[in-house]
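Undergrad: Any chance you could fold what I've pasted below:
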Amino acid sequence: MDTAATGPTGPTFRDATEADVDVLVALIESAYRGDASRAGWTTEADILEGQRTDAAGVLDVVKSADSRLLTVEQDGRVVACCQLEHRGDHAYFGMFAVSPALQGAGLGKVIIAEAERVARETWGASAMHMTVISVRNDLIAWYERRGYRRTGEMSPFPYGDERFGVPQRADLEFELLVKEIGVSA
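TA: Numbers count the residues shown, from 1 in each chain. Reported below is the predicted structural model:
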């Protein structure tokens, strides 16, 4: 593994526990909201204000029988996370956050590859699905470089539900991205 991309000890992966909730909420918020998020490239600060998630939302994922919240540690610190949810023949990938200080160094590529492996080996998932805010062109391009394809299938942004943030523009919607991850026959 490239130690420059993952640090001196490299990342370790584990399932989140209830004890991790506050740390994970702070991580997710730091990656997407407010001025701190501007240190990384995944910020949504220009299109959404308010919260990205809350303790109840993270705890729901941790406790759900059909979900896993992979927690990524490096040098003894929680530095990233991602949600995996079993949905029949595919898995849903969400709640992906990397500490802004570590973005752009290759850790995200390692995490998404591990998430795909876990979904395939744990649930036999043949595909990974995710939704991305359609105006996030840089982020969508990053996923496309990882093999995800745009489907053109849109779903509405939950305007008026501040649990997902306060939109700063009127054209937000989610696009479904899909990648085949199953073992070829």
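
Undergrad: most centrally placed residue in the chain?
TA: Centroid-nearest residue in the chain, with Cα atoms, centre = their mean: Phe96, separated by 1.4 Å.

Undergrad: Skipping its backbone neighbours, what lies nearest it in space?
TA: In space, and not counting its chain neighbours, Phe96 is closest to Cys82: 4.4 Å by Cβ to Cβ, 6 or more residues apart in numbering. Quick note: C-beta positions are derived from backbone N, CA and C, even for glycine.

Undergrad: now swap in Leu102 and tell me
TA: Val79 is the one closest to Leu102 (Cβ to Cβ, 6+ apart), at 5.7 Å.

Undergrad: Flag the shaky bits of this structure, pLDDT-wise.
TA: Scanning the chain for pLDDT under 70 picks out the ranges 1-8, 183-185.

Undergrad: At which residues are the strands of it located?
TA: Per DSSP state E, the chain carries strands over the ranges 12-15, 48-49, 67-74, 77-87, 90-98, 127-133, 149-156, 166-167, 173-180.

Undergrad: Which elements pack onto the longest one?
TA: Just to be clear, that refers to strand 77-87. helix 21-32, strand 67-74, strand 90-98, helix 107-123 (3 or more Cβ pairs under 8 Å, 6 or more residues apart in numbering; DSSP states H and E).

Undergrad: and it, which residues are buried?
TA: 78-86 (16 or more other Cβ atoms under 10 Å).

Undergrad: what does the last one give?
TA: The neighbour-count criterion (16+ other Cβ under 10 Å) identifies 174-179 as the buried residues of strand 173-180.

Undergrad: what's next to it, contact-wise?
TA: 90, 116, 126-134, 140, 143-144, 146-157 (Cβ atoms under 8 Å, 6 or more residues apart in numbering).

Undergrad: Could I have the CA atoms of it written out in PDB?
TA: Output in PDB follows, covering the C-alpha atoms of strand 173-180 (Å, rounded to 0.1, in the frame of the first residue of the first chain):
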ATOM      1  CA  GLU A 173     -31.600  17.100  -6.900                       C
ATOM      2  CA  PHE A 174     -29.900  13.800  -6.600                       C
ATOM      3  CA  GLU A 175     -28.600  11.700  -9.500                       C
ATOM      4  CA  LEU A 176     -28.200   7.900  -9.200                       C
ATOM      5  CA  LEU A 177     -24.700   6.600  -9.900                       C
ATOM      6  CA  VAL A 178     -24.100   2.900 -10.400                       C
ATOM      7  CA  LYS A 179     -21.100   0.600 -10.700                       C
ATOM      8  CA  GLU A 180     -21.100  -3.200 -11.300                       C
END
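
Undergrad: just to revisit the earlier point, how about the buried residues of strand 77-87, which pair is most distant?
TA: Greatest spacing in the buried residues of strand 77-87, by Cβ to Cβ: Val79 and His86 (25.0 Å).

Undergrad: Val61 and Cys81 touch, don't they?
TA: No. Taking Cβ atoms under 8 Å as the definition, Val61 is not a contact partner of Cys81, at 9.4 Å.
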